[in-house]
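1. Build me a structure from this.
(one chain, ligands or ions: 1)
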Amino acid sequence: MNIKEKDNTYIANTYSRFPIVLTEGKGSVVFDEDGKQYIDMNTGIAVNIFGLCDDVWVEAVEKQLSALQHVSNLYYSAPDATLAEMLCERTGMKKVFFSNSGAEANECAIKAARKYAAGKKGPEYSTIITLKNSFHGRTITTLAATGQDVFHKDFLPLTDGFDYAEANNVNDLKEKVAKNKTAAIMFECVQGEGGVLPLERDFVNEIAAICQKEDILMIVDEVQTGNGRSGKLYSYMHYGVSPDIVTTAKGLGGGLPLGATMLGEKVSGVFEPGSHGSTFGGNPVCCAGAISILERIDDELLKKVCDKSKFIIDSLSGAKGVKSVTGMGLMLGIETEKDASEVISECMKNGVLVIKAKNKVRLLPALNIPDELLSKAVNVIKNACGGEKI
Ligand SMILES: Cc1ncc(COP(=O)(O)O)c(C=O)c1O
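-> Numbers count the residues shown, from 1 in each chain. As a prediction, this is how the structure comes out:
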């Protein structure tokens, strides 16, 4: 059997894969098994912040790998403590819980919010209000948090205690808060899987005001938007709000599984030994890699992210076949006249890997993608959007 046949035979049928087998890559260039070269404009869905096999990250990971690969959370070790310190210093948050994925980071946030609200107001204050069209993960509880029926069907009953407000609709949000005994409001500043849609500034400020007034926790899901992708370290920083809990994953690990739930002042003392845990969470190798990533997400890099973002938006806005470009930083969605899948196939044929978000072509390039490669990729995308329909 070749690789595709073996995969189709033995791997659970949960992904519709593109018809190529990727074998190696460096930076923003990746090769398939036939040696065909592609410009990587999706970084493994917002994971490889500095591209494939980035030298600094590889060195940090390899060094830790040959020193201590895993010790369990029964012992202290340096990488997770150092990474937690860095995250707290850069965000003002007070404590970090490490896990292995975005879904787990969100599970932890939900547990923290419920435990805090139960202790403060009573166990009936358990509802988490999320937004319609959101995406928070695929475990039964984070599916419940995800405000999209399409992901719920086939898996009912989901975890109780979630309600969904319309994004950018303050009245609806207020209604949902009034109707429920609410522990927290949870949202992505840019709905990624929902179609790369940034929330309006006024709406986010209103969430902050409601949370403050009602003593409700604000949870921001930075799994996809986080770690420099938005042009700031975390996307909530664009809005001038101060969340109580911030979750992240994807880019933090740079290609190894790592989730983080950052707890602000209010909730910093919510957990005690036994409240929560994870065998692999805070794994030394993942954390050593993450330190090497976080160290390099500085003002200079963030400025470059904004410049590259502007270049993409300026190049594609108003181009033939492009209806709109939405998003923030290097997390952009292109609404196309053609079917997005058609554009994506055309790009792949011409050596550029992009993916879909709802009906849009989604771009999530490495934060350090060289300008020359970015320009080439944007040209291919532009031609794919504007070319004749297949
Ligand atoms: C905003 C957001 N939250 C949570 C998740 C789930 O992350 P993971 O797949 O690492 O569990 C994702 C994944 O796409 C996401 O985009």
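2. Identify the residues contacting the residue of the stretch 1-150 of the chain found nearest the ligand.
-> In the stretch 1-150 of the chain, the residue that lies nearest the ligand is G102 (2.3 Å; C-beta to the nearest ligand atom). In this view, the C-beta of every residue, glycine as well, is placed from N, C-alpha and C. G102 is in contact with H136, G137, D221, V223, Q224, T247, T248, A249, K250, G259, counting by C-beta atoms under 8 Å, 6 or more residues apart in numbering.
3. of those, list those near the ligand.
-> Contacts with the ligand within the contacts of G102, counted by C-beta under 6 Å from any ligand atom: H136, G137, D221, V223, Q224, A249.
4. any low-confidence regions in the stretch 51-200 of the chain?
-> Nowhere does the stretch 51-200 of the chain drop to pLDDT under 70.
5. Once you drop chain neighbours, what's closest to M86?
-> Distances taken as C-beta to C-beta, 6 or more residues apart in numbering place L294 nearest to M86, at 5.3 Å, with adjacent residues excluded.
6. Phi and psi next, for the one you found.
-> phi -60, psi -40 (degrees, to the nearest 10).
7. now do D307
-> Dihedral angles (degrees, to the nearest 10) for D307: phi -60, psi -40.
8. Relative to the ligand, how far out is it?
-> Separation of D307 from the ligand (C-beta to the nearest ligand atom, to the nearest Å): 25 Å.
9. What distance do you get for the closest residue in space to R138 that isn't next to it in sequence to M218?
-> Leaving aside its sequence neighbours, R138 sits nearest to A103 (C-beta to C-beta, 6+ apart; 5.9 Å). Distance of A103 to M218, given as C-beta to C-beta, to the nearest Å: 20 Å.
10. same check, this time on S230
-> From S230 over to M218 the distance is 17 Å, taken as C-beta to C-beta.
11. same check, this time on V267
-> For V267, the distance to M218 equals 11 Å [C-beta to C-beta].
12. low-confidence ranges in the stretch 251-390 of the chain?
-> In the stretch 251-390 of the chain, residues with pLDDT under 70: 388-390.
13. what's the closest of the contacts of G102 to T9?
-> Nearest to T9 among those is G137, at 28.0 Å by C-beta to C-beta.
14. now the helices: where do they sit in the stretch 201-350 of the chain?
-> 201-214, 284-294, 299-316, 340-349 (DSSP state H, counting those that start in this stretch).
15. Mean neighbour count, these: which tops it?
-> Mean neighbour count (mean count of other C-beta atoms under 10 Å) peaks for helix 284-294 among the helices of the stretch 201-350 of the chain, with a mean of 25.
16. what's that helix packed up against?
-> Here helix 284-294 touches helix 55-65, helix 78-91, going by 3 or more C-beta pairs under 8 Å, 6 or more residues apart in numbering; DSSP states H and E.
17. about what we covered before: now for V267 and M218: what residues contact both?
-> Joint contacts of V267 and M218 (C-beta under 8 Å, 6+ apart) are D244, I245.
18. quick one: A109 and T247 touch, right?
-> Yes - A109 is within contact range of T247, at 5.0 Å (criterion: C-beta atoms under 8 Å).
19. Spit out the residues that contact these two alike.
-> The contact sets of A109 and T247 overlap at I219, D221, T261 (C-beta under 8 Å, 6+ apart).
20. Out of the residues you listed, who's the most crowded?
-> Among the shared contacts of A109 and T247, D221 has the most neighbours (other C-beta atoms under 10 Å), with 33 neighbours.
21. Could you find the closest non-adjacent residue to it?
-> In this structure, D221 finds its nearest non-sequential neighbour in E188, 4.7 Å apart by C-beta to C-beta, 6+ apart.
22. tally of neighbours for the one you found?
-> Counted with other C-beta under 10 Å, residues neighbouring E188 total 28.
23. My understanding was that it contacts G137; is that so?
-> No - counting by C-beta under 8 Å, E188 stays clear of G137, with 11.4 Å between them.
24. thinking again about what came up before, S230 and M218: which has the busier surroundings?
-> Using other C-beta under 10 Å as the criterion, S230 and M218 rank with S230 on top: 27 against 24.
25. so the more buried one makes contact with I297?
-> No - using C-beta under 8 Å, S230 is not in contact with I297; the gap is 11.2 Å.
26. sorry, back to before: rebuild the helices and strands packed on helix 284-294 as JSON lines, extending it with distance to the ligand.
-> Formatted as JSON lines, the helices and strands packed on helix 284-294 follow (distance: least, C-beta to the nearest ligand atom, whole Å):
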{"stretch": "helix 55-65", "distance to the ligand": "18"}
{"stretch": "helix 78-91", "distance to the ligand": "17"}
